[in-house]
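A.B. asks: pasting the sequence and the predicted model now:
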Amino acid sequence: MSKANELKLYQREHFQKKIETKLEPEIEREELKIKTTVNKILDKGIKSFSKSIGADKVIARLEKAEEEKREASRLAYSFFNNKASSVVSYSKAKQYKFDKDDRDEISVDDCTKQLEKWAGKQAEQFAETTEQGKRLSYLKALQTKAKDLVAEASVSDDLKSSLDNLFAFVGVSWEQKLPALPRPKK
């Protein structure tokens, strides 16, 4: 193959930029549709998702236990502080840190956040099975295929026709069509 027919670096870069310009708006449009679908699913409620997997009972039990622990902790704090303030030797020997933050405990808030993440992932998986999800997957595969063609091409004309044929599947033309110019005034 002669050097004249080989694709130059600036030509490859041009093709790669043009692929991005042509496909990114389509991909972004489909991603927005997917996000809308996911939000609609999540609007139905995380509570129903929680109930469907049985997490609602676990969280309710944990909420009850946390409330009991808070009450017991307040009682213990009051008891030991009152004893420490009533007896001088107790006050000097007090070693309890009642304001200590124990990060190893699982809270209701932790469970709720985990449920939200799981529900979001489940909604995304469902959204991928919709028409928008399938179109988005196709557009991303098309973009990858087009980039592969550019990286593997050696002749510009062959590449143009390959990309034009590839983009035709989603109704996007590789060749830029110019808008009609207004007629000159007489």
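C.D. replies: Yep, it's here. Everything numeric in this text was worked out from a predicted model, so none of it was measured.

A.B. asks: now do the strands in this protein.
C.D. replies: For the chain, applying DSSP state E gives no strands.

A.B. asks: what about the longest helix in it?
C.D. replies: helix 9-43 (DSSP state H).

A.B. asks: elements contacting that helix?
C.D. replies: With contacts defined as 3 or more C-beta pairs under 8 Å, 6 or more residues apart in numbering; DSSP states H and E, helix 9-43 has these neighbours: helix 108-128, helix 131-152, helix 156-168. Every C-beta, even on glycine, is put in place using the N, C-alpha and C of the backbone.

A.B. asks: please pull out the lowest mean pLDDT helix or strand from the protein.
C.D. replies: Ranking every helix and strand in the chain by mean pLDDT, DSSP states H and E puts helix 88-92 at the bottom, with a mean of 59.

A.B. asks: what about residue 43, how many neighbours?
C.D. replies: The local packing of residue 43 (other C-beta atoms under 10 Å) involves 9 other residues.

A.B. asks: that one and residue 36, how far apart?
C.D. replies: Applying C-beta to C-beta, to the nearest Å, the value for residue 43 to residue 36 is 10 Å.

A.B. asks: got it, and residue 62?
C.D. replies: Separation of residue 62 from residue 36 (C-beta to C-beta) stands at 33 Å.

A.B. asks: same check, this time on residue 55
C.D. replies: The value you get for residue 55 to residue 36, if C-beta to C-beta is used, is 26 Å.

A.B. asks: repeat that for residue 129.
C.D. replies: Separation of residue 129 from residue 36 (C-beta to C-beta) stands at 15 Å.

A.B. asks: ditto for residue 72
C.D. replies: Separation of residue 72 from residue 36 (C-beta to C-beta): 46 Å.

A.B. asks: and what of residue 64?
C.D. replies: 37 Å.

A.B. asks: what of residue 161?
C.D. replies: The spacing between residue 161 and residue 36, counted by C-beta to C-beta, is 36 Å.

A.B. asks: quick revisit: the more surrounded of residue 62 and residue 36?
C.D. replies: In this view residue 62 and residue 36 are compared by other C-beta under 10 Å, and residue 62 has more residues nearby, 17 against 12.

A.B. asks: let's see the pLDDT reported for the more buried one.
C.D. replies: The model reports residue 62 with a pLDDT of 87.

A.B. asks: next one: the one 4 residues further on
C.D. replies: The predicted local distance difference test score for residue 66 is 85.
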